[in-house]
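Chemist: Sequence and predicted structure below; questions after.
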Amino acid sequence: MALDRRAELGEFLRSRRARLRPDELGLPDYGGRRRVPGLRREELALLAGVSVDHYVRLEQGRTLHFSEEVLDAVARALRLNPDEREHLFRLARPWSGTDAPSAPQTVRPGLRRLLDAASDVPAYIVGRGTDVLAWNHLAATLITDFGALPPEQRNLARLLCQDEGMRALYEDWPGKVSDIAAYLRLDASRHPDDPRAAALVEELAATCPEFRAAWAEQQVRDKTHGRYVYLHPAVGRIELSYETLRLPDDPDQALIAHTVEEGSPSEAALRILATLAHRAPLTAHEPRGVHEPRGVHEPRGVTRPDS
C-alpha cells in the first residue's frame, strides 16, 4: 500500500482551512453560525487570489499539475510554515521519483567512529521511517538497548508507541507521539510510493490510539532541534536539548545529538549515565550496539531475541 497523495492533499488542505479564524482575517463569522470550522473554500480562494474552481480542483486532487505561483498563493493564504509548505508542494506536484524496494540503508564507517568518539553525548542516526541505523553507548543507555533488538524492531516510532518502557521514559509522552506522527507524515510525502512507510503508519494507527489521534490532526514537522525531558529509571529526570544534522550525501539519514546545560542537575545525571554506558559490554551480534545492563532500562513491550 502506498500513500494516496490525492486523498492526503485534500485532507491536509481541509485541516489547514479549519484552523484559520475568519475574524482574524477580517472576514465575517456570521454570528458563529458556520457549519464547519475555519474558512470556506470560497473564502480561501479569495484570500489566495485564485478562482474558486481552481482551488476546489486542488483540494479535491483532480489534477497534480498546479503552478508554483498558485501553490505559493495558497500556502500564504493558509499561513503554512516552511515544513507545511514543503508538504503541500510535494503532494500537489507530479511525483517523478520511485520508491521501489532498495538496498537497506547503511552507515559509513566514519560516521560510526564519530558516534563512538562522542562518548559524553547521546547520539544516534535515523533513516527513513525513523529506523535506528547506528548509535553510541550513551544513546543506548539513555533510550533503550537497540543492540539487543532485531533490526526490524529498531524503529523509534514503533518502540515509542508499542513499548511500555519507552512510554515511561518521556515526561511528555503524548507530545513525543505527536512529534513523531508529524515527522512520519512529512517523511511519507517525501517517499509517497514507499510501501514500508505506509505499512508502518497503518500498524501504529491500529495499535496506538494516541498515534491514531495525532495522525488525524494532519500536523507536519521536520526534526530539527528542540528539547526532551527523560524520566530515566536509573538517574531520574534529565532535560536534554537535541540538534539534528542531515547528511549532505544522503538526506534520508540524520544524526541526532543531545546536549545538556552546563552546571545543571541534568549534567550530573548524564555523567552517571555515561559511567553506566562505559561499563556496558557490546552486544555480540551488533558490533556498534550496546548491551545495556539489565535493570537500567528494560523495554517491556518488545520481545528480545534471547527471551
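Modeler: Nice, thanks for sending it over.
Chemist: Gly61 contacts Leu9, doesn't it?
Modeler: Yes. Counting by Cβ atoms under 8 Å, Leu9 is a contact partner of Gly61 at 5.0 Å. Heads up, the C-betas are built off the backbone N, CA and C, glycines and all.
Chemist: and those two? which has more neighbours close in?
Modeler: Taking other Cβ atoms under 10 Å, Gly61 and Leu9 do not tie; Leu9 has more neighbours (21 against 18).
Chemist: give the contact list for that one.
Modeler: Each residue near Leu9 by Cβ atoms under 8 Å, 6 or more residues apart in numbering is listed here: 58-59, 61, 64, 88, 91-92.
Chemist: how does it look with 7 Å?
Modeler: Counting by Cβ atoms under 7 Å, 6 or more residues apart in numbering, Leu9 makes contact with 61, 91-92.
Chemist: Spatially central residue for the chain, please.
Modeler: Tyr183 (2.6 Å; Cα atoms, centre = their mean).
Chemist: His55 and Gly10, how far apart?
Modeler: To be clear, residue 55 is Tyr; His isn't right here. As judged by Cβ to Cβ, to the nearest Å, Tyr55 and Gly10 stand 11 Å apart.
Chemist: Likewise for Val74?
Modeler: For Val74 relative to Gly10 (Cβ to Cβ), the value is 13 Å.
Chemist: what about the two, which has more around it?
Modeler: Shown here are Val74 and Gly10; by other Cβ under 10 Å, Val74 has more neighbours (26 against 17).
Chemist: would you say the more buried one is within a helix?
Modeler: Yes. Assessed with DSSP: H, G, I helix; E, B strand; the rest coil, Val74 lies in a helix.
Chemist: show me the contacts for it.
Modeler: 48, 55, 58.
Chemist: Look at it and report its pLDDT.
Modeler: pLDDT for Val74: 95.
Chemist: can you check Asp163 too?
Modeler: pLDDT, Asp163: 94.
Chemist: what's the closest non-adjacent residue to the residue nearest to the centre of the chain?
Modeler: Lys223 (5.4 Å; Cβ to Cβ, 6 or more residues apart in numbering).
Chemist: Likewise for Glu59?
Modeler: Leu13 (4.7 Å).
Chemist: I'd like the distance between that neighbour and Pro151.
Modeler: In terms of Cβ to Cβ, Leu13 sits 37 Å off from Pro151.
Chemist: Between these two, tell me which one has more neighbours.
Modeler: Leu13 (24 against 13).
Chemist: in whichever helix or strand that one is part of, what counts as buried?
Modeler: Taking DSSP states H and E as the criterion, Leu13 maps to helix 5-18. Residues of helix 5-18 classed as buried by neighbour count (16 or more other Cβ atoms under 10 Å): 5, 8-13, 15-17.
Chemist: between these, which is nearest Asp187?
Modeler: Nearest to Asp187 among those is Glu8, at 12.7 Å by Cβ to Cβ.
Chemist: which residues touch that closest one?
Modeler: Glu8 sits next to Leu91 when contact means Cβ under 7 Å, 6+ apart.
Chemist: let's go with 8 Å and repeat that
Modeler: Taking Cβ under 8 Å, 6+ apart, one finds 91, 189 in contact with Glu8.
Chemist: Could you measure from it over to Leu88?
Modeler: 10 Å.
Chemist: per the record, what domains does this structure have?
Modeler: For the chain, automatic domain parsing gives the domain ranges 5-92, 109-279.
Chemist: so how far is the first residue of the last one from its last?
Modeler: Between the start and the finish of domain 109-279 there is a gap of 23 Å, counting by Cα to Cα, to the nearest Å.
Chemist: so how far is it off the chain centroid?
Modeler: Taking the mean of its C-alpha atoms, domain 109-279 sits 9 Å from the chain's own mean (Cα atoms, centre = their mean, to the nearest Å).
Chemist: cool, the shortest one as well?
Modeler: Using Cα atoms, centre = their mean, we find the averaged C-alpha position of domain 5-92 to lie 24 Å away from the chain's own average C-alpha position.
Chemist: before we move on, back to that, what about the residue nearest to the centre of the chain, helix or strand, and which?
Modeler: helix 173-190.
Chemist: And the contacts of that helix?
Modeler: 3, 5, 8, 83, 86-87, 90-91, 128-130, 156-157, 160-161, 167, 170, 194, 197-198, 200-201, 208, 210-211, 214-215, 217-223, 228, 252.
Chemist: mind listing what's buried in it?
Modeler: Residues of helix 173-190 classed as buried by neighbour count (16+ other Cβ under 10 Å): 173, 176-190.
Chemist: got the angle between it and helix 5-18?
Modeler: For helix 173-190 against helix 5-18, the angle by axes from the mean of the first three to the mean of the last three Cα atoms, to 10 degrees is 130 degrees.
Chemist: So which residues of the stretch 101-250 of the chain form helices?
Modeler: For the stretch 101-250 of the chain, applying DSSP state H, counting those that start in this stretch gives helices covering 109-117, 137-142, 156-162, 164-169, 173-190, 195-207, 209-216.
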